[in-house]
Each structure stands twice: as C-alpha cells, then as structure tokens.
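**Q** Predicted model and sequence follow; I will ask about them next.
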Amino acid sequence: MVTAATHSPAFPPVAETADDVLLGLDPEQREVATTLRGPVCVLAGAGTGKTRAITHRIAYGVRAGILPPAGVLAVTFTNRAAGEMRGRLRALGAAGVQARTFHSAALRQLQYFWPRAVGGELPRLVERKIQLVAEAAARCGLRLDRNELRDVTGEIEWAKVTQTVPVDYAAAALKAHREPPRDAAEISQVYGLYEQLKRDRMVIDFEDVLLLTVGILQDRQDIAEQIRTQYQHFVVDEYQDVSPLQQRLLDLWLGDRDSLCVVGDASQTIYSFTGATPDHLLDFRNRYPQATLVKLVRDYRSTPQVVHLANGVLAQARGRAAEHRLELVSQRDGGPDPAYAEYPDEPAEAEGVARRIRDLIDAGVPAGEIAVLFRINAQSEVYEQALADAGVPYQLRGAERFFERQEVRKALVSLRGAAHSRGNDPLLDAVVDLASQVRAVLSAHGWSPQPPAGSGAVRDQWESLAALVRLAEDFSRAKPAAGLGDLVVELDERAAAQHAPTVQGVTLASLHAAKGLEWDAVFLVGLTDGMLPITYAKTDDQVEEERRLLYVGVTRARIHLTLSWALSRAPGGRSSRRPSRFLNGLRPGSAATAPRTGGSAAGGPPGGRSRTRRGPVRCRVCGKTLTDAGEMKLMRCEDCPSDMDEGLYDRLREWRAEQARQLGQPAFCVFTDKTLMAIAEAAPGDPGELAMISGVGRRKLDRFGTDVLAICAGQEPGGSDGDDA
Ligand code: ATP
Ligand code: MG
C-alpha cells in the first residue's frame, strides 16, 4: 500500500544497476519494462503507472545495454510531458534518450534536412495564425467575428491533421459528422486562400511542420533511411490521442520495423475534436497480431474514494472508448470523500475554493501540490483574483516554460558570471555557502526573502527566482561540497532537459492541459451544465468527450478532490444554472440520468437507473438542502451557527495529532475535520451516541471510542497507544 503522497525528491538517488530500475514496478509494469523487442501495447486506466512503466522500460533497456540511448525516440503530446519524461529518465540514469513531442521531433528533423531536401532555410513559423485566417476570410468577402475566426481556424487545423486538402473539406467534414461553424464551401475557400497566403509570405504553420516532414520522408528515401538508422525504437505515451497525421509520421519513422511500444487509455481521449482518435490504440492488436498486450488496473495515484468516483463517471460513459474501460482498483489508503460544493455565483465559488485552498495549505499541503482545473481558459481569471486576494501563490499552466522565461535566462547569465569570477568578487567571496551565494546574486534581479505584494508580472518574476533559490538549496543539501560552478552545470543540464523546478504555487490549468499530471488536492470548478458538457458539445460523441474530460479531471487527484459549481454567473443574478449532468447519481442527493441513447455498452451503468435515490440531507440549523459531503457529515451548512464546544474541539484535535503521529498517518485517517467537529458538537456520552456520528464506523469506534468518550467527558484519554495499526 502507498501510505503517503509519492513526491519524488528533487535529486533522487540513481538506481545502481539495470535491475534496480525494475524495483518499484508491479509484475505487469515489469512485463512492459522488460519486453524490449517487438510491438508492445499497454491499455490501462488513469494513474496505473503507464508513464512510469514506459520510462522505466527505456531506462532498463538503456542501462542493460539492450537499447542504445541515441536510438530511442520517446514521443508524447505536450512539452511539459516531454520535459517531465526527460527528467525522469535522467533520474533513472538514462539521460541522452530523446523525449519529445511529435511536433518538436518533426521540427528538429525538418530544420536539419530542409537545406538538403528543399534548399535554403526552413520558412519561419507563422506568429499570428488567426490574423492570417482573418485576412483569407476577408479576401473571400467574409466578415467573421473573433469566435467564428477561432472556429474556422479549428476547422482548418482539423482538415490538416486529417490530411484533407481544401477541395475535399466539405465532403470530409460531412463524413466525420462535423458541424462546421460556417457553410462548408466557405470554409474550404478560406482554407485554400489561407494556404496561398502562407506560401506568398514564406511562412509555415504548426501543422505544416508535420505535413512537410511527412512529405520529405515519403519523397526522399535517402533521408528516410538516415532517420531510420538513427532511431530504431519508438515509445509513444498518451497514444489514445494520436492524430492521423502523427500516426502517418510514426509509420514513416518505423518503416517496416515493429519496435514500437504504445501506452494509452481510451477513456482519456480528449482531443477528438482536433482529429485525434483512439482507434490506433484499440486496433493495435489487429495491426500487430504478435504484439504483447498488457493491461494495468492497479491505481497507484488516487485514494479509494477518488477512484470510486472515477469509476462512477466512467460507468455512465457510452461509445467505443467506454467499451474498453477498465475498473480501477486503488492501491492507496483511504482519504477524505470527494466534496461537492454549490455556490450562488462565480465569485463566491472562487472565494470558497480559495478559502479551502488556504485551509489545505495551513494543514500542511504544499501549494505546489494543489490544482484548480477548469473547462476553458477564460474561467481562470476569477480564480487568479480570488487566490491573489487570499494571498495564495499560483501559476498558470500553459504559460512559458521555466528556463525560457526572460527573468530565468537573465538570472542564469548572472549566476554563470558569478561562478567565473569566484575569488575575484569580494562581495560574493564573503559568503560561504552556495544557497546564500545564489540568494546574493539573485537579489540584484529582484529576489527578496518575502514575496512582493499582490499578483501580476512582478510576483511571477519573484516566483521564478524563488524557484531557482529553492533549487540551489536542494542541490547543496544533496551535494554539500558543490560550488556555484557545479550548480550552473546542473542548471544548464536542466535547461537542456527542460526540467523546471516546481514553482511552489497552486496550479491553474484547463482540464486539457492537466492530462498526465497529478496533485495531492484537485478542485474541479465551474461544473455546470453548459460548461461541462460545454454548450457547443451537441452530438452524443461530443458529449461523451466532455464526460471523459471530467474523468481526466477526477483522476488527477491523489487525496483531496472538490467538485463545485455556481448557480449564476454574477452576484445577484438569476440562479438558472444546474450542476453538470455528469454528476447525477454520483453527487449526494442526486438521481442518475437515464442514458441519452440506446448506447453500445453492455448492460446499464452500475450507478444507473436502478440506483436508489437517497432523500436530500438538510441543514439542521437553516433547513437548506446540503450537497457538500463535508456539510452532510456535519448535518449543517458550514456557515450556519454551530453549537460546538471550541475547547473540546481543540482537545480532540490535539489528541488526533498525537494519534496520527503514533500511527505514522495523516490526521484525517484518524478522523476527518468534519467528523471531529460533529463529535465536538454532539459531545457524545456513550458509545451508542458516538456511533451515530457520520464517519465513526465500527473499526474507529473499537479503536478510538474509549479515548474520544474520555475526552468528551473532560477526562484524560486512557492512554490508547494506537494498538497494532
Ligand atoms: P495517466 O493515465 O494519468 O497518464 P499513468 O497511468 O501514466 O496516468 P503514472 O503517472 O505513471 O500513471 O503513475 C501514477 C502515479 O502512481 C505516479 O505518482 C507514479 O509514481 C505512481 N506509481 C505508478 N506505479 C507505481 C508502483 N508500482 N509503485 C508505486 N507507485 C507507483
Ligand atoms: Mg501518464
């Protein structure tokens, strides 16, 4: 069992031998890691260690001398994921393996081979694509507003990744059941003109990078051979989201070889709207009948409570991906139940979330281990405001990469300079330890022991510098003899590996950007019908993709999960919104929704129609219907007046902290805050009364009952020593 959060230390010890790399893998993961020949396909749910298995596979293969590091290409979908993989590989002693996105791998090859294949320099990447689309539209006599422009651009991108040329767009869109934002003939015309404009201006776009690489590999046998000689082994993470164009590129890289390992979870397909499809993952065995197929179901990431909800979300899913769902089984100890919170308006929701985040931080959860996830980026602003008001540091995911930020680059230049001038700089030479030297250098760049007030650019810059200081502190702890020069080498390596130190702030990210990542505490916000599923998801397939987004969101949480929504947008507005239909039958007091269609999944959802409807739980003070799991435990609204004996509550907390310490477990494993409050409010006089309180089960009653009753009676607890746990 995993008892504590599995934070990897910043400088973990490197495994001594290849076999050591396999320690810490379960038997199925080990099969993935040791099957180094032929095609391998891993089909598994969220948090089951897919990424871990493939990273260890590469490291094991390299360390055992079976895979040449330079001959392996690991592909994933975001720069962040690629950076993370490089970091993990480095930590496992397998630096030198290329871990890239499809895009960056293609761009690198294109830059290298362009002069030979085409001549001259590679055209530059277009900076303002939407503006170019607007120009193309204007030339077609179309006036499009910002949203229409964004949608038309999306259609052009879809056409390109599905390798559809302008004249074929209308037919292809019809066949793919797309709902073009404008007349298909118009889009096709704008698309054609946009391509023309790019050629005239000698620029290429993001999709062209893949298209041109594919073109060169198809046309130039010599270049294709050279690339194939370089890379012999391919690993693809998040394979459920591969687009036809990326698949085509992968096929060309492979040629007639089959050293390919793919891992994915069809239930996490969240990029179909861009042309991605889980078919390649699900049909892998048809294509490679000899492939080794491994399924993982043990979930190492999340508590049973979170996993139960994740399974519940998927139980109601429909469609091809859902037919392949695997029931996850948590490997962790229990934690708090997911909490549900309803708010009157969005600012109140953001404020409530910020308050809960403060509480978590006060309870010892690091800010960097907390995330707020939303459906669309525009939702972030109100959370940025609320967190800034609450004095909680945060960072937006999808922002510039750490080592590419201007303040970090400048700081590195200064650190390098300082390392060179060691011995000649009286100010710096007066300071002995490495961390203090770094603090001294970075002070000139705006670092200070305390963060500047408020949010905004100044604060962001300080956060970056503070992250560098923390990195230096960790580094000198791990390597006490290291000097400034060693740190600079380490930073350069990290910059090359794009493995940023964690900025210690709460993460704000869209659900799409959160794929593959994990945090101790996750807040899924804005969960109203209309936001999730989003209003423009109309077809059954589109709605299913939205449901998968919720599944991705839920499965990002290790321990704490809060789901919230607001009944109106602005304070005083009409409460016209409803909680997401995906939560029906899952959140307390709600009935399951009947499936929209006949559905192709066998049987009904386990949490479906047959589920008995629980009556609403009402606040015992004001009578309001309660939806928040914690409030339901308390049997009153959080804000309603409480008749709790504060002194008793404090004594119970002290006792709990001591128990948790003795058991080596987090405090909530003894009793959650809510249960403890309920005990302090009820002040039970006998075991029967104590057992009535939600959260006090048979086991807890046996183990802690005597102590708790003694404290409630104003006596010293009877020295329970936490027995055998
Ligand atoms: P996702 O579908 O979200 O991408 P995943 O299947 O790739 O998830 P990982 O990110 O590899 O899962 O692993 C999830 C968490 O579980 C990580 O913190 C990882 O370190 C941990 N983990 C995975 N396998 C094991 C194991 N055998 N023992 C202990 N921890 C593990
Ligand atoms: Mg993963």
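**A** That came through fine. Ligands and ions are numbered 1, 2, ... in the order given.
**Q** how's this protein carved up into domains?
**A** 4-106+211-299, 125-201, 328-401+502-583, 403-496, 616-725 (automatic domain parsing).
**Q** longest helix anywhere in the chain?
**A** What stands out as the longest helix in the chain, according to DSSP state H, is helix 457-478.
**Q** which SSE is the nearest residue to Tyr343 once chain neighbours are set aside in?
**A** Distances taken as Cβ to Cβ, 6 or more residues apart in numbering put Glu349 closest to Tyr343, at 3.9 Å, once the chain neighbours are dropped. Placement of C-beta: from N, CA and C, glycine included. If you go by DSSP states H and E, Glu349 is part of helix 346-362.
**Q** list the buried ones in that helix?
**A** Along helix 346-362, these residues count as buried under the neighbour rule (16 or more other Cβ atoms under 10 Å): 346-354, 356-357, 360-361.
**Q** now for these, which pair is the farthest apart?
**A** Glu346 and Ile361 (22.4 Å; Cβ to Cβ).
**Q** Could you list which residues are in contact with Leu550?
**A** Contacts for Leu550 (Cβ atoms under 8 Å, 6 or more residues apart in numbering) come out as Val313, Leu511, Leu524, Leu527, Leu532, Ser580, Phe582.
**Q** now with 7 Å?
**A** Val313, Leu532, Phe582 (Cβ atoms under 7 Å, 6 or more residues apart in numbering).
**Q** right, and the domains of the chain - which one's nearest ligand 1?
**A** Closest approach to ligand 1 among those (Cβ to the nearest ligand atom): domain 4-106+211-299, 2.9 Å.
**Q** So which bits of this protein are right by ligand 2?
**A** Applying Cβ under 5 Å from the ion, we find that the chain lies next to ligand 2 at Lys50, Thr51, Gly516.
**Q** On the three-state scheme, the nearest residue to Ile66 once chain neighbours are set aside is what?
**A** Take Ile66 and drop its neighbours on the chain: the residue closest to it by Cβ to Cβ, 6+ apart is Leu36, 5.2 Å away. For Leu36, the assignment made with DSSP: H, G, I helix; E, B strand; the rest coil gives coil.
**Q** can you pull the contacts of Leu36?
**A** Shown in contact with Leu36 (Cβ under 7 Å, 6+ apart): Gly61, Ile66, Leu67.
**Q** what about Gly71, how many neighbours?
**A** Neighbouring residues of Gly71 were enumerated by other Cβ atoms under 10 Å; the total is 17.
**Q** Counting neighbours, which bits of stretch 696-712 end up buried?
**A** Val696, Lys700, Leu701, Arg703, Phe704, Gly705, Asp707, Val708, Leu709, Ala710, Ile711, Cys712.
**Q** Mind checking the pLDDT average for the longest helix of the chain?
**A** Averaged over helix 457-478, pLDDT sits at 80.
**Q** Restrict whichever helix or strand comes after it to CA atoms and write it as CSV.
**A** Next in sequence after helix 457-478, counting helices and strands by DSSP H and E, comes helix 484-497. As requested, the backbone C-alpha atoms of helix 484-497 are provided in CSV (Å, rounded to 0.1, in the frame of the first residue of the first chain):
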residue,chain,number,x,y,z
LEU,A,484,28.4,27.7,-7.8
GLY,A,485,30.1,26.3,-10.9
ASP,A,486,28.5,22.9,-10.2
LEU,A,487,25.2,24.5,-9.8
VAL,A,488,25.5,26.3,-13.1
VAL,A,489,26.3,23.0,-14.8
GLU,A,490,23.3,21.4,-13.2
LEU,A,491,21.0,24.3,-14.3
ASP,A,492,22.3,24.1,-17.9
GLU,A,493,21.6,20.4,-17.9
ARG,A,494,18.1,21.0,-16.6
ALA,A,495,17.6,23.8,-19.1
ALA,A,496,18.6,21.4,-21.8
ALA,A,497,16.3,18.7,-20.4
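**Q** Show me what helix 484-497 is in contact with.
**A** For helix 484-497, the external contacting residues (Cβ under 7 Å, 6+ apart) are 83, 86-87, 90, 403, 412, 415-416, 418-419, 422, 434, 437, 472, 475, 479.
**Q** Next, the angle from that helix to helix 457-478.
**A** Orientation check (axes from the mean of the first three to the mean of the last three Cα atoms, to 10 degrees): helix 484-497 against helix 457-478 gives 120 degrees.
**Q** per-residue confidence averaged over helix 484-497?
**A** If you average the pLDDT over helix 484-497, you get 82.
**Q** cool, and stretch 28-35?
**A** Summarised as a single mean, pLDDT over stretch 28-35 is 96.
**Q** Then stretch 436-444?
**A** 92.
**Q** gap between it and the chain center?
**A** 33 Å (Cα atoms, centre = their mean, to the nearest Å).
**Q** Can you spell out which helices and strands pack onto the strand or helix carrying Ile130?
**A** Per DSSP H and E, Ile130 falls inside helix 129-139. Packed against helix 129-139, as judged by 3 or more Cβ pairs under 7 Å, 6 or more residues apart in numbering; DSSP states H and E, are the following elements: helix 146-161, helix 184-201.
**Q** Need the single longest strand in this protein, by residues.
**A** Assignment by DSSP state E gives strand 557-568 as the longest strand of the chain.
**Q** Relative to the whole chain's centre, how far out is that one?
**A** The mean C-alpha position of strand 557-568 is separated from the chain mean by 15 Å, Cα atoms, centre = their mean.
**Q** That one - contacts with which helices or strands?
**A** Against strand 557-568 (3+ Cβ pairs under 7 Å, 6+ apart) you get strand 339-345, helix 346-362, strand 519-524.
**Q** will you turn these into a markdown table that also has mean pLDDT and distance to ligand 1?
**A** Shown next, in a markdown table, are the helices and strands packed on strand 557-568 (pLDDT from 0 to 100; distance: least, Cβ to the nearest ligand atom, whole Å):
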| stretch | mean pLDDT | distance to ligand 1 |
| --- | --- | --- |
| strand 339-345 | 95 | 22 |
| helix 346-362 | 94 | 19 |
| strand 519-524 | 98 | 11 |
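**Q** quick one: pLDDT of Met632?
**A** Note on Met632: pLDDT of 65.
**Q** no wait, Gly119
**A** 91.
**Q** Ala53 versus that one, what's the distance?
**A** Computed as Cβ to Cβ, to the nearest Å, the Gly119 to Ala53 distance reads 44 Å.
**Q** now do Asp256
**A** Taking Cβ to Cβ, one finds Asp256 at 26 Å from Ala53.
**Q** Looking at those two, which is more packed in?
**A** Between Asp256 and Ala53, Ala53 has the larger neighbour count (other Cβ under 10 Å), namely 25 against 6.
**Q** Would you agree the more buried one is in contact with Ala44?
**A** No - if you go by Cβ atoms under 7 Å, Ala53 and Ala44 don't touch, sitting 8.5 Å apart.
**Q** sec struct for Leu517, please.
**A** Under the three-state scheme (three-state DSSP), Leu517 adopts coil.
**Q** Next up, the contacts around it.
**A** Leu517 makes contact with Arg556 under the criterion Cβ under 7 Å, 6+ apart.
**Q** Check Glu545 too.
**A** With Cβ under 7 Å, 6+ apart, Glu545 has these contacts: Thr269, Ile270, Ser272, Phe273, Ala537.
**Q** at 10 Å what do you get?
**A** Thr269, Ile270, Tyr271, Ser272, Phe273, Gly319, Ala321, Pro533, Ile534, Ala537, Thr539 (Cβ atoms under 10 Å, 6 or more residues apart in numbering).
**Q** Around ligand 1, pick out the residues from the stretch 301-450 of the chain.
**A** Listed as neighbours of ligand 1 in the stretch 301-450 of the chain under the rule Cβ under 6 Å from any ligand atom: Arg301.
**Q** ok, which stretches of the stretch 301-450 of the chain are strands?
**A** 329-330, 339-345, 370-374, 394-396 (DSSP state E, counting those that start in this stretch).
**Q** now the stretch 601-725 of the chain
**A** Using DSSP E, counting those that start in this stretch, the strands of the stretch 601-725 of the chain run over 617-618, 625-626.
**Q** weakest of those strands by average pLDDT?
**A** Among the strands of the stretch 601-725 of the chain, strand 617-618 carries the lowest mean pLDDT, a mean of 61.
**Q** Now the closest residue to ligand 2 within the stretch 51-200 of the chain. Nearest residue, chain neighbours left out?
**A** Nearest residue of the stretch 51-200 of the chain to ligand 2 (Cβ to the ion) works out as Thr51 at 3.3 Å. Nearest residue to Thr51, sequence neighbours excluded (Cβ to Cβ, 6+ apart): Asp237, at 5.7 Å.
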